[in-house]
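Colleague: please work out how this folds:
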Amino acid sequence: MQKRIKNLLGHNAYLIAISVTILIAYLSLSSAIKIEIPLHISNLDKLLHSFAYFGLTITWLFALRRYPKRKFIVIAIFLYGILMEFLQGWLTNTRQKDIFDVVANTIGILVSMLIYEQLYKYFVKKFDN
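Modeller: Okay, the predicted model is just below:
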């Protein structure tokens, strides 16, 4: 029974990671959504980029937790972020590519790696035998 649950969670982890990847592609390439927020937060767009790539990275790291070369996962996500920026410039009229978005993506990726390593030490090694 416990093995079935682990297998189910493993398959769901892949599904979640793929869904987050598709969602980020959709949000990156669709028309910009204007959201009215009563608080003024400077560079909210960059904060959202960091948060999105934090979530994308951590979901893929957990989905591929048994893959020993995590650096390749992180590099792939970094390149995915760059690809999304170029596609924004080429395929959309309402968005433009921005190097600072890539920087914000990278910050989200790096923070995700740091947090994942701590969570991995505690949860995955402890419970994933």
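Colleague: the nearest residue to I82 once chain neighbours are set aside: how many residues sit nearby?
Modeller: Counting by Cβ to Cβ, 6 or more residues apart in numbering, I82 lies nearest to V102, which is 5.9 Å off, once chain neighbours are set aside. Any C-beta I mention is one placed from the backbone N, CA and C, and that applies to glycine too. V102: 18 surrounding residues under other Cβ atoms under 10 Å.
Colleague: S28 contacts L87, correct?
Modeller: Yes. If you go by Cβ atoms under 8 Å, S28 and L87 touch, sitting 7.2 Å apart.
Colleague: which one of those two has more residues nearby?
Modeller: S28 (20 against 15).
Colleague: rounded mean pLDDT for the helix or strand that one falls within, please.
Modeller: S28 is part of helix 2-29 when elements are defined by DSSP states H and E. Across helix 2-29, the average pLDDT comes to 80.
Colleague: try stretch 106-118
Modeller: Stretch 106-118 comes out at a mean pLDDT of 94.
Colleague: CA atoms only for it, dumped as CSV, please.
Modeller: Written as CSV, here are the backbone C-alpha positions of stretch 106-118 (Å, rounded to 0.1, in the frame of the first residue of the first chain):
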residue,chain,number,x,y,z
THR,A,106,17.5,33.4,-12.1
ILE,A,107,16.9,34.7,-8.6
GLY,A,108,13.8,32.5,-8.3
ILE,A,109,15.8,29.5,-9.5
LEU,A,110,18.6,30.1,-7.1
VAL,A,111,16.4,30.6,-4.1
SER,A,112,14.5,27.5,-5.1
MET,A,113,17.7,25.5,-5.2
LEU,A,114,18.8,26.6,-1.7
ILE,A,115,15.4,25.8,-0.2
TYR,A,116,15.1,22.5,-2.0
GLU,A,117,18.5,21.4,-0.7
GLN,A,118,17.3,22.0,2.9
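Colleague: what does it rub up against?
Modeller: Stretch 106-118 is contacted from outside by 49-58, 61-62, 70, 74, 77-78, 81, using Cβ atoms under 8 Å, 6 or more residues apart in numbering.
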